[in-house]
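Visitor: coordinates only, no sequence provided:
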């Protein structure tokens, strides 16, 4: 069974920084893409940043130049460095992995973390 364990959320002042981490635990053979989504109250969940197994990245326009995503394939971890945070970045942030296989040839499945709260406020 795959579990995504997130850490690093919290309260930060505008202009501050936070670093979110997510570890995919369990016996995992491969993961295609890893990413972070967020959902603010009353809004739909949206993609924040995503990184493929080939380290190709894409970002939401609202975070480009401020956030950076990276992954460590040997540890099945994905990290989101968030700088110059704004109040509008306040949301629950969810880790997501795409097309994960538990063994060679296994069915591919997506998984979600439980979410970590990020609050940007003075």
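Guide: Looks like it arrived, so ask away. Keep in mind the model is a prediction, meaning the values are calculated, not measured. Numbering: from 1, shown residues only.

Visitor: for residue 88, which three-state class applies?
Guide: helix (DSSP: H, G, I helix; E, B strand; the rest coil).

Visitor: let's number from 713 now, not from 1
Guide: OK, 713 is where the count begins now, so the last one is residue 800.

Visitor: how about the strands of this structure, start to end?
Guide: 715-719, 722-724, 730-737, 746-751, 758-763, 769-771, 779-784, 789-794, 803-812, 821-824, 828-832 (DSSP state E).

Visitor: off-centre distance for the fourth one?
Guide: Same thing as strand 746-751. 4 Å (Cα atoms, centre = their mean, to the nearest Å).

Visitor: go on, the second one?
Guide: The gap between the average C-alpha position of strand 722-724 and the chain average comes to 17 Å, counting by Cα atoms, centre = their mean.

Visitor: list the buried residues of that strand.
Guide: Within strand 722-724, the residues that count as buried by 16 or more other Cβ atoms under 10 Å are residue 724. (Each C-beta comes from the backbone N, C-alpha and C, glycine too.)

Visitor: same deal with the first one?
Guide: Neighbour counts using 16+ other Cβ under 10 Å place 716, 718 of strand 715-719 among the buried residues.

Visitor: which other helices and strands contact that strand?
Guide: Packing contacts for strand 715-719, counted by 3 or more Cβ pairs under 8 Å, 6 or more residues apart in numbering; DSSP states H and E, involve strand 730-737, strand 803-812, strand 821-824.

Visitor: out of the ones you listed, flag the one nearest residue 768.
Guide: strand 803-812 (12.7 Å; Cβ to Cβ).

Visitor: how close does the residue most central in space within the chain get to residue 817?
Guide: Closest to where the C-alpha atoms of the chain average out (Cα atoms, centre = their mean) is residue 748, at 2.6 Å. The spacing between residue 748 and residue 817, counted by Cβ to Cβ, to the nearest Å, is 29 Å.
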